[in-house]
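> Show me the folded form of this:
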Amino acid sequence: VQLQASGGGKVQPGGSLRLSCAASGVSLNSYTVAWFRQAPGQEREWVSVRRRGGTQTYYSDSVKGRFTLSVDNAKNTVYLQMNSLKPEDTAVYSCAAGPNLIPTIEQTIHYWGKGTLVTVSS
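Residues are numbered from 1 along each chain as shown. This is a model prediction of the structure:
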């Protein structure tokens with residue numbers, strides 16, 4: 001099983017980026033998937049979680065209304081569309097998956113993708 005994240009880069013405040021996380025060896029529609037981020041010197045935090053089957057999607061308060069998680073089942077890829085980016089969104093973003101992933105319980109996270117760096121700066 002592999003999760004491959006991509007799409008990070010440098011963007012100005014107010015700009016947009018779309019992150020991708022392509023999966024192999026696992027069907028993302030059968031898993032709960034999530035995006036996490038870790039800013040320099042800070043603990044990792046969850047950003048968005050989509051329950052398996054796409055029944056519900058949750059967002060942290062810090063990104064609600066600006067970020068959108070989506071899944072393309074045909075491509076077996078999960079996306080994170082990030083709009084109205086702020087300097088405080090600067091972090092390494094990682095995707096994760098698990099059959100019953102709960103973002104605050106490490107043991108429920110079965111698979112991690114390598115992170116991709118997002119820098120929001122003028």
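> give me the number of residues near N83?
N83 has 14 neighbours, counted by other CB atoms under 10 Å. Yep, even glycine has a C-beta here, placed from its N, CA and C like the rest.
> if you skip the residues just before and after it, what's nearest to it?
Nearest in space to N83, with sequence neighbours left out and distances taken as CB to CB, 6 or more residues apart in numbering, is S16 at 4.8 Å.
> Against S48, how distant is that neighbour?
The span separating S16 from S48 equals 16 Å under the rule CB to CB, to the nearest Å.
> L17 now?
For L17, the distance to S48 equals 14 Å [CB to CB].
> Can you list phi and psi of E88 for me?
Taking degrees, to the nearest 10, you get phi -70, psi -10 for the backbone angles of E88.
> And it, what's its pLDDT?
Among the per-residue scores, E88 holds a pLDDT of 97.
> show me what contacts it?
Under the criterion of CB atoms under 8 Å, 6 or more residues apart in numbering, the contact partners of E88 comprise A39, S62, V120.
> Who has more neighbours out of S16 and S48?
Residue environment comparison for S16 versus S48 gives the larger neighbour count to S48, 23 against 11, counting by other CB under 10 Å.
> Tell me the spacing between the residue most central in space within the chain and S122.
Of all residues in the chain, the one closest to the mean position by CA atoms, centre = their mean is W35, 2.3 Å from it. In this structure, W35 and S122 are separated by 24 Å, where distance is defined by CB to CB.
> buried sites along stretch 5-15?
Residues of stretch 5-15 classed as buried under the neighbour-count rule (16 or more other CB atoms under 10 Å) are A5, G7, G8, V11.
> Pick out the lowest-pLDDT one from those residues.
When those are compared by pLDDT, A5 scores lowest at 92.
> element containing it?
In this assignment (DSSP states H and E), A5 forms part of strand 2-6.
> my read: T77 touches S24, true?
No. Taking CB atoms under 8 Å as the contact criterion, T77 and S24 are not neighbours in contact, 10.3 Å apart.
> can you give me the offset of stretch 78-95 from its chain's centre?
Here stretch 78-95 is found 8 Å from its chain centre; the criterion is CA atoms, centre = their mean, to the nearest Å.
> Just the buried residues of that stretch, please?
Applying a neighbour-count criterion of 16+ other CB under 10 Å, one finds V78, Y79, L80, M82, L85, D89, T90, A91, V92, Y93, S94, C95 buried in stretch 78-95.
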